[in-house]
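*Asks:* need the 3D shape of this:
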Amino acid sequence: MGEQQQVRFPQEVIDEYAALGVDLPALFSAGDLGTRMGVQIVEASADKVVGTMPVEGNTQPYGLLHGGASAVLAETLGSVGAMLHGGSAKVAVGVDLNCTHHRGVRSGLVTGVATPVHRGRSTATYEIVISDEQDRRVCSARLTCMLRDARPQDGAPAPASV
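*Replies:* Residues are numbered from 1 along each chain as shown. Next up, the predicted model:
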């Protein structure tokens, strides 16, 4: 669904992950689901994550942007912010997602902007505003992620999910 754009990260974040041998743009590429849906992360830091998604291919039977597609975009952007907040020693795992859909969209591109509401040691909460190409709010979402240790004390890899 389009060419993947280069994600812009703060240099200190790039350096932190590079020292661990981690390719940040690949890590935060929106994953298989995001890729199938055309999600593009265009800016990413713990303070703000911006991403886009096409409406085409992500609609429900009435031809409107599917609410679940908005939820995927919101969770992707909020999770990236939480992961960047937690740093390389933590893994962000979504535990609560709330979406309110304000208007339908039939075509074009929607843009989501995730900003922090709370950033603690064990949880991070982000508000995600999704807008259409006329800058009208389509969806308001809130995501809370639990921040788990990337490597438990015993040295075994952390589980991928809760």
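*Asks:* show me the helices in the protein, by range?
*Replies:* 11-18, 24-27, 31-37, 67-86 (DSSP state H).
*Asks:* just those: most buried one?
*Replies:* helix 67-86 (a mean of 24; mean count of other CB atoms under 10 Å). From N, CA and C alone the C-beta is placed, and that goes for glycine too.
*Asks:* now that one against helix 11-18, angle please.
*Replies:* Angle of helix 67-86 versus helix 11-18, following axes from the mean of the first three to the mean of the last three CA atoms, to 10 degrees, is 90 degrees.
*Asks:* which strands and helices sit next to helix 67-86?
*Replies:* With contacts defined as 3 or more CB pairs under 8 Å, 6 or more residues apart in numbering; DSSP states H and E, the secondary structure elements packing on helix 67-86 are helix 31-37, strand 40-44, strand 49-54, strand 90-101, strand 109-119, strand 123-131, strand 137-149.
*Asks:* and the second one, what does it pack against?
*Replies:* Contact here means 3+ CB pairs under 8 Å, 6+ apart; on that basis strand 40-44 packs against strand 49-54, helix 67-86.
*Asks:* will you turn the ones you listed into TSV that also has distance to residue 42?
*Replies:* Shown next, in TSV, are the helices and strands packed on strand 40-44 (distance: least, CB to CB, whole Å):
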stretch	distance to residue 42
strand 49-54	5
helix 67-86	10
